[in-house]
Structures are given as structure tokens and as C-alpha cells.
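Visitor: here are the coordinates; sequence isn't available:
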């Protein structure tokens with residue numbers, strides 16, 4: 001049967017409700033206040049809550065909202081005085097499962113609680129089934145069918161239901177945060193708090209306050225008590241992005257939390273506890289950072305219980321068309337249009353290295369979407385090239401100055417533009433196109449200029465899908481190719 005929590009400051013009501021529910025085989029926990037009720041939920045798994053709306057200090061509605069935030073949405077049945085139905089209905093809109101009015105009809109109480117329990121069981125079973133089958137929105141947001149991405153998804157499903165710390169590694173823009181989101185969504189803590197913090201975005205002098213909280217007056221500007229992210233994530237998941245940027249002195253305090261689950265507010269002496277599942281991400285090689293004494297080895301081993309490496313796009317090129325189409329679909333929904341990418345453009349996107357990975361690809365797709373005029377976005381409408389800058393390589397997308405002429409070969413200057421990181425076969429293809437254009441389409445002359453035999457040129461044209469020019473003037477010399 002189920003674990004039912006009854007929260008009511010009237011001892012007579014508590015005992016009456018408990019007798020009824022225990023008679024049906026349920027285990028009943030009782031609390032006289034909202035604060036005690038929250039403590040009971042922290043100590044035991046609760047399937048449904050029966051709570052009086054009017055309580056001292058923390059009323060029933062506020063208690064329910066705090067419980068939903070901290071423990072997830074188990075069904076709450078609120079009990080209200082006669083004439084307060086409007087308040088109860090408003091509570092349902094805020095997440096209550098149902099309500100009962102005083103004096104409580106005990107047969108209705110039994111039926112309502114049984115319905116709440118069935119709802120809790122069904123929700124739990126559906127969540128477990130979705131985890132088992134991998135049907136989860138957060139997991140589906142990781143787009144791709146490559147072997148590399150299938151491996152990442154398999155790892156997520158395998159580790160999600162444990163409480164082991166996870167270290168996610170990968171280049172910038174590969175989708176490490178999506179992996180963290182999926183781990184939490186598929187975990188047993190999915191209904192509990194999920195708190196994110198980007199370590200690199202916080203000034204080093206404030207990182208400890210953000211993580212562990214501070215007391216009033218702990219430092220200049222600390223005008224009130226502040227809870228840290230560990231407290232906010234209690235019973236749930238804490239995602240620390242860019243963990244490699246954390247200062248060494250903060251790493252020492254992180255290690256203490258991971259060892260015994262205790263920490264202190266900045267400026268405080270009272271030890272605090274938090275039950276937190278930690279998921280971290282970094283675009284740095286933490287092993288290298290450890291060797292360079294920029295990251296603590298003991299903390300590295302604590303964080304790296306399970307390691308998931310998110311591959312860059314250049315190692316899963318077959319996923320690029322799927323990602324591009326997903327981005328176009330999202331833009332179409334946002335802008336109420338029906339644009340699509342041409343097959344040639346999809347293949348062109350697939351050939352690029354995308355040093356900024358998925359994030360960079362998405363930005364490029366959005367730029368092409370906004371700048372394109374027609375329904376179909378064509379490859380020959382845009383330059384896509386790699387550019388080296390002080391911050392590293394990036395892909396630049398820019399439109400051609402005028403509409404392309406689909407009946408003429410590309411200009412020589414465009415065809416021989418050597419793009420950084422472009423596959424050699426694409427460079428060769430562009431060189432052949434440019435040489436043919438320069439030779440007026442005469443393949444014999446083009447072959448001589450390329451210093452290859454005519455048969456070799458024909459094989460390459462056929463391989464690249466370019467063999468569409470009249471061959472008559474080349475037949476006479478075809479036999480000269482060794």
C-alpha cells in the first residue's frame with residue numbers, strides 16, 4: 001500500500017483520518033505543522049499528502065508549494081473550511097490534486113486519497129517506463145543517430161538512475177548541458193530541484209557565496225542571509241558548468257562537501273547538510289589541468305566517477321543534416337514559415353568542421369534562414385568558410401552579392417577558394433570545376449592543365465556528379481591516358 005502524510009494541527013482530525021487510512025492498509029505519518037510535514041517528507045518517501053489548508057505559521061498552500069519545489073509533485077489533497085471552496089479551486093490550479101471541505105465526509109476522504117494514490121503509482125510507473133525505453137523529451141533533444149551519439153545516450157540511460165557524480169567533457173558547443181539535463185530528467189530525482197550554475201560566469205571572489213550561501217554581514221554587500229546553490233539543490237541535482245574554471249581555494253571546499261555532505265555559509269559556523277547529486281561539465285582536459293597543478297587531483301577523482309565525452313561535430317558528420325533540419329523546423333515554428341534546406345546545402349554543411357560545434361551550426365542556420373529570400377535555402381547562395389582569429393577558428397556564413405546563375409559554372413575565384421579544414425576531395429572538386437570553366441568546358445584541355453589523364457578526369461567527374469558536358473571533342477585523345 002501507500003505512505004500517506006497527514007498534516008493537521010487538530011489532533012482529533014489527525015487521528016480520525018489516520019484510523020480510516022490505516023484501516024485500508026496504508027502507512028500513515030502525521031505532522032502538526034507545515035514545517036514538520038516538510039521534515040517528514042525529507043525523511044521518507046511519501047505517495048500522497050492530506051493537508052489542512054489553515055495551519056499556523058506556514059499554511060497548507062505555502063507548504064504544498066515548498067514541497068513541490070523540493071520533493072516533486074506528489075498528489076496533495078487539501079482540506080478547507082466550508083465556504084472556502086474558491087481558495088481550494090485556486091489551490092488546484094497551483095498544483096493540488098483535489099480538495100475536501102469540512103466537515104469531511106470520511107467515505108469521500110477514502111475515495112479521494114485512493115484516487116491520489118493511484119495517480120501517484122501511475123505517474124511513477126510511466127516515468128520508469130519512459131526511462132527504460134528512453135522516451136524522454138530531454139533525451140530526444142540530443143539530436144543524432146551516429147554511433148557516437150547513440151553511445152552517449154546509452155551512457156545517459158545507464159548512469160541516470162544512480163546517484164554517482166558525472167563529469168561531462170567535450171568542446172564548447174557540443175551540447176554538454178543537454179546531456180546534464182537528460183541525466184536529471186531520467187534520474188530518480190527528476191521531480192526534485194535541478195539547479196544550474198556556470199562557474200566561469202561568476203567572479204572568483206563570489207563563487208563560494210554562490211555555492212554555499214552567506215550570512216548577513218559576512219562581507220561588504222551581504223545585507224541579508226542568502227542560501228547557496230547546494231541548499232537550493234537539496235534532494236535534487238546540481239549542475240556545475242565549466243568546472244575547470246573553479247579557483248583552487250574553492251576546490252578545497254568543494255572536496256569537503258563531496259566527502260561528507262557538509263558545508264558552511266560564508267561567515268557562518270553552523271554546519272549545513274545537502275543531499276545533492278553532482279553533474280559537472282568542462283571543455284578543458286582536466287587531466288592536463290591536474291598535471292599543471294591548476295586542478296586538484298583528489299577533486300578530479302571525486303567528480304569523475306562516471307565520465308561522458310560528448311563528441312565534436314567533425315567526428316559525427318552524419319548527424320549534421322539531422323541537426324540542421326531540426327533547427328530549421330524550430331525556426332519555422334517560431335516564424336510561421338515553411339522554409340527548407342536544399343540537399344546541396346545539407347551536404348555542404350556536412351563537409352565543414354564546425355569548430356564551434358552544434359552551437360555554431362545553429363547560429364549559421366539561423367543566419368541563412370533570415371537572409372534567404374525563397375522557400376528553399378540553396379548552397380550557392382552563401383559562402384561558408386573557416387576563418388582563423390585570435391580566439392581560434394570559426395565558420396563564417398555570408399550571402400553572395402547577387403543571385404547565383406544556375407546555368408553557369410561557378411567563377412574561378414569562388415571555386416578555388418581553399419577553406420580551412422575542408423576535406424581534400426572537396427578542394428579537388430572545386431579545382432576541377434574552376435579548370436573546366438577556364439578551359440571553356442573542354443575536358444581534354446582541362447586534363448592537360450591538371451596534368452592528369454583524360455580517363456582519370458572522367459572518373460573524377462563521375463565520382464563528383466559533374467559528368468554532364470558533351471564528350472565528342474575528347475574521344476580522339478581518350479586512348480592516350482595510361
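Guide: It's in. In this text, all values refer to a predicted model and were calculated from it rather than measured experimentally.
Visitor: Look up which helix or strand residue 374 falls in, please.
Guide: Residue 374 belongs to no helix or strand when elements are defined using DSSP states H and E.
Visitor: Could you tell me the model confidence score at it?
Guide: We have a pLDDT of 86 for residue 374.
Visitor: gap between it and residue 223?
Guide: Distance, residue 374 to residue 223, using Cβ to Cβ, to the nearest Å: 57 Å. (C-beta placed from N, C-alpha, C; glycine too.)
Visitor: next one: residue 369
Guide: On the measure of Cβ to Cβ, residue 369 and residue 223 end up 46 Å apart.
Visitor: what about the two, which has more around it?
Guide: residue 369 (19 against 8; other Cβ atoms under 10 Å).
Visitor: residues contacting the residue nearest the centre of the chain?
Guide: Of all residues in the chain, the one closest to the mean position by Cα atoms, centre = their mean is residue 178, 1.6 Å from it. By Cβ atoms under 8 Å, 6 or more residues apart in numbering, residue 178 lies in contact with 138, 141-142.
Visitor: For the stretch 351-482 of the chain, which segments count as helices?
Guide: For the stretch 351-482 of the chain, the helices defined by DSSP state H, counting those that start in this stretch cover 357-371, 412-415, 424-438, 443-450, 454-463.
Visitor: Now render these as TSV, adding mean pLDDT.
Guide: Shown next, in TSV, are those (pLDDT from 0 to 100):
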stretch	mean pLDDT
helix 357-371	92
helix 412-415	41
helix 424-438	79
helix 443-450	85
helix 454-463	83
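Visitor: Can you add distance to residue 9 and give the ones you listed back as TSV?
Guide: Output for the helices of the stretch 351-482 of the chain, formatted as TSV (distance: least, Cβ to Cβ, whole Å):
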stretch	distance to residue 9
helix 357-371	53
helix 412-415	79
helix 424-438	75
helix 443-450	91
helix 454-463	82
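Visitor: Where does pLDDT dip in the stretch 251-400 of the chain?
Guide: Within the stretch 251-400 of the chain, the ranges that satisfy pLDDT under 70 run 381, 383-400.
Visitor: can you pull out the helices in the stretch 201-350 of the chain?
Guide: Along the stretch 201-350 of the chain, the stretches classed as helices by DSSP H, counting those that start in this stretch are 207-212, 229-232, 248-260, 286-291, 297-303, 320-335, 343-351.
Visitor: Just name the most buried of these.
Guide: Highest mean neighbour count of the helices of the stretch 201-350 of the chain: helix 207-212, a mean of 22 (counted as mean count of other Cβ atoms under 10 Å).
Visitor: quick one: contacts of that one?
Guide: Residues outside helix 207-212 that contact it (Cβ under 8 Å, 6+ apart): 197, 199, 202, 218-219, 222, 226, 228-230, 246-247, 250, 253-254, 257, 263-266, 272.
Visitor: hmm, 10 Å instead?
Guide: 197, 199-203, 214-215, 218-219, 221-222, 226-231, 238, 240, 245-247, 249-250, 253-254, 257, 263-268, 272, 274 (Cβ atoms under 10 Å, 6 or more residues apart in numbering).
Visitor: Just the buried ones among the residues you listed, please.
Guide: Buried members of the contacts of helix 207-212, scored by 16 or more other Cβ atoms under 10 Å, are 197, 199, 202, 214-215, 218, 222, 226, 228-231, 238, 240, 245-246, 250, 253-254, 257, 263-266, 268, 272, 274.
Visitor: Residue 102: which of the helices of the stretch 201-350 of the chain is closest?
Guide: In terms of Cβ to Cβ, the element of those nearest to residue 102 is helix 229-232, at 35.6 Å.
Visitor: same for that closest one, what does it pack against?
Guide: With contacts taken as 3 or more Cβ pairs under 10 Å, 6 or more residues apart in numbering; DSSP states H and E, helix 229-232 sits against strand 194-198, helix 207-212, strand 237-241, strand 272-273.
Visitor: Out of those, the one nearest residue 13 is which?
Guide: Closest approach to residue 13 among the helices and strands packed on helix 229-232 (Cβ to Cβ): strand 272-273, 32.8 Å.
Visitor: Sheet-wise, list the partners of that closest one with their directions.
Guide: strand 262-263 (antiparallel) (DSSP bridges).
Visitor: residues making contact with the partner strand?
Guide: Applying Cβ under 10 Å, 6+ apart, the external contacts of strand 262-263 come out as 208, 211-213, 228, 230-231, 253-254, 256-257, 271-274.
Visitor: Let me know the closest of those to residue 66.
Guide: Looking across these and measuring by Cβ to Cβ, the closest to residue 66 is residue 231, at 13.1 Å.
Visitor: and that closest one, what is it in contact with?
Guide: 193, 195, 211-213, 263, 265, 272-274, 276.
Visitor: could you dump these to TSV with distance to residue 462?
Guide: Listed next are those as TSV, based on distance: Cβ to Cβ, whole Å:
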residue	distance to residue 462
193	60
195	58
211	62
212	66
213	68
263	67
265	72
272	71
273	70
274	65
276	60
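Visitor: and which of those is nearest residue 448?
Guide: Scanning these for proximity to residue 448, where the rule is Cβ to Cβ, the winner is residue 195, at 67.9 Å.
Visitor: Quick check: that closest one touching residue 241?
Guide: No. With contact defined as Cβ atoms under 10 Å, residue 195 does not reach residue 241; the gap is 11.4 Å.
Visitor: These two: who's more crowded?
Guide: Neighbours per residue, other Cβ under 10 Å: of residue 195 and residue 241, the larger number sits with residue 241, 21 against 18.
Visitor: show me the contacts for the more buried one.
Guide: 168, 176-177, 180, 196-201, 279-283.
Visitor: If we use 7 Å, what do you get?
Guide: Residue 241 makes contacts with 177, 196-199, 281, as judged by Cβ atoms under 7 Å, 6 or more residues apart in numbering.
Visitor: Out of these, give me the two with the largest separation.
Guide: Using Cβ to Cβ, the contacts of residue 241 reach their maximum pairwise distance at 177 and 199, which is 12.9 Å.
Visitor: which helices and strands does the lengthiest helix in the chain pack with?
Guide: Ranked by residue count under DSSP state H, the longest helix found in the chain is helix 106-133. For helix 106-133, the elements it packs on are helix 11-23, strand 48-52, strand 76-80, strand 98-101, judged by 3 or more Cβ pairs under 7 Å, 6 or more residues apart in numbering; DSSP states H and E.
Visitor: Output those in JSON lines; the columns should cover mean neighbour count, distance to residue 353 and mean pLDDT.
Guide: Shown next, in JSON lines, are the helices and strands packed on helix 106-133 (neighbours: other Cβ atoms under 10 Å; distance: least, Cβ to Cβ, whole Å; pLDDT from 0 to 100):
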{"stretch": "helix 11-23", "mean neighbour count": "15", "distance to residue 353": "63", "mean pLDDT": "94"}
{"stretch": "strand 48-52", "mean neighbour count": "26", "distance to residue 353": "54", "mean pLDDT": "95"}
{"stretch": "strand 76-80", "mean neighbour count": "24", "distance to residue 353": "52", "mean pLDDT": "92"}
{"stretch": "strand 98-101", "mean neighbour count": "19", "distance to residue 353": "56", "mean pLDDT": "88"}
